[in-house]
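Q: below are the sequence and a predicted model for it; my questions follow.
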Amino acid sequence: MSSPFTSPESQAGAGFHYFIYGWRLLLQRQLMPFVVLPIIINTILMIGLIWLFFANIGGLLDAMLPSWLEWLSFILIPLIFLMILVLFYFAFTTLANFIAAPFNALLAEKVEQQLTGEKLTEMSMAELLKDVPRMLKREWQKMWYSIPRLLALFLLGFVPVLGQTVVPVLTFMFGAWLLAIQYCDYPFDNHKISFARMRNALGQRRIMNFTFGSLVSLFMMVPFLNLVAMPVAVCGASAMWVKEYRNFLLGKTSGEFDNADFSDKPQSTAVSTETRNGNITKP
C-alpha cells in the first residue's frame, strides 16, 4: 500500500484523498478490532431506529397532516415523509456519535500510532472509563455549536423561493462542515486540544475539510453503507491530523498558524511513512 502522505496538490483533492485512505486503513488487520465494535453499535442502533421508524410512520404522517389539509395529501405526504427521513438521519448520526465516542477516540489513537510509529500515552480501562464524561462533554460542545445554526437554516426554509433553492444547498454545505468537525475532533481531542482551537485549525484548510465532510455526508445517507462510514471517517480524519495539523499544534498553546503557509498546496511535515505488508515503517 502506498504512503498516505503523497498528497494531491489541491485542497479538494486532499479531502478526497484522506477519505479514500480511510477506507484503506479500515481493512488493515491491526485496526480491525477497533473498527468492529463501532460497526456493531451502529448496526444495533440502525435496526432499532428502522423498527421504530416503520412502526410509527403511519401515526407520524397522520399527526403532521391535519384533516383540513387532506386534499393536499398527494403533495404533502411525500414532503412529510422526506422530513421524517431527514430527522431519522440526524437521530441516527447523533446517537451513534454519542454512543461510539469512546471507541472512535480509541480508533483515532491507534491510527495515529500506526502512522507515526509513536506510541501515545497508554490508558488503563479504569482511566478510559473516567475519561468518558469528558468525551461526552465534548460531544455536547459540538451539538451546541450546530443546533443554533441548524435551527436558523430550518427557519430560513420557510422563506418563499429562498427556502426551496438556496437553503437546501446551504444545509448540505453546513452539514458537511459539521461532519468534518465531528470526525477530525477525535484525534484533536486525544491530545486535549480545545474545541475552539480545533475549529480554527480546520478553518485554515476549509476546502479540504468541506470536501472530506461532503464525502462522509453522502456515504452517511446510503443505508447500510453508513454503518462503516463512521470508522472510515475516523481513520481518514486521523490521517489528515497526522499530515496536516500534528506538527503545527503539538506543544503549542496559541498562534500556531500565525506564520504558517496555508496556501492551496498541502503542507509537508516531518512524518514520512510507507505501508509494507500492512505495517507502517519510517524510511
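A: Yes, it's here.

Q: tell me the SS of residue 119?
A: Under DSSP: H, G, I helix; E, B strand; the rest coil, the three-state class of residue 119 is coil.

Q: need the next SSE after the helix or strand containing residue 219, C-terminal direction.
A: Assigned by DSSP states H and E, residue 219 falls within helix 206-220. The first helix or strand that comes after helix 206-220 along the chain, using DSSP H and E, is helix 226-240.

Q: so for the helix or strand following that next one, mean pLDDT?
A: From helix 226-240 onward toward the C-terminus, using DSSP H and E, the following helix or strand is helix 246-249. Computed over helix 246-249, the mean pLDDT rounds to 87.

Q: one more: stretch 168-180?
A: 88.

Q: outside of it itself, list whatever touches it.
A: Residues outside stretch 168-180 that contact it (CB atoms under 8 Å, 6 or more residues apart in numbering) are 142, 146, 149-150, 153, 156-157, 202, 206, 209-210, 212-214, 216-217, 220, 233, 237. Quick note: C-beta positions are derived from backbone N, CA and C, even for glycine.

Q: next one: stretch 11-25
A: 1, 4, 7-8, 31, 111, 114, 205-216, 232-240, 243-244, 264, 266.

Q: select only the buried ones of these in PyMOL?
A: The command below creates a PyMOL selection of those among the contacts of stretch 11-25 that count as buried (16 or more other CB atoms under 10 Å):
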select buried, resi 4+7+31+111+114+205+208+209+210+211+212+213+214+215+216+232+233+234+235+236+237+238+239+240+243+244+266
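
Q: how close does the closest residue to residue 138 other than its chain neighbours get to residue 209?
A: For residue 138, ignoring the flanking residues on the chain, the nearest one in space by CB to CB, 6 or more residues apart in numbering is residue 189 at 5.5 Å. Residue 189 is 16 Å from residue 209, where distance means CB to CB, to the nearest Å.

Q: may I have stretch 150-160 as PDB, with CA atoms only?
A: The C-alpha trace of stretch 150-160 is given here as PDB (Å, rounded to 0.1, in the frame of the first residue of the first chain):
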ATOM      1  CA  LEU A 150     -29.300  24.300  12.000                       C
ATOM      2  CA  LEU A 151     -32.300  26.000  13.600                       C
ATOM      3  CA  ALA A 152     -31.500  29.200  11.600                       C
ATOM      4  CA  LEU A 153     -31.400  27.200   8.400                       C
ATOM      5  CA  PHE A 154     -34.600  25.400   9.300                       C
ATOM      6  CA  LEU A 155     -36.400  28.700   9.800                       C
ATOM      7  CA  LEU A 156     -35.000  30.100   6.600                       C
ATOM      8  CA  GLY A 157     -36.500  27.100   4.800                       C
ATOM      9  CA  PHE A 158     -40.000  28.700   5.300                       C
ATOM     10  CA  VAL A 159     -39.000  31.800   3.300                       C
ATOM     11  CA  PRO A 160     -40.600  31.500  -0.200                       C
END
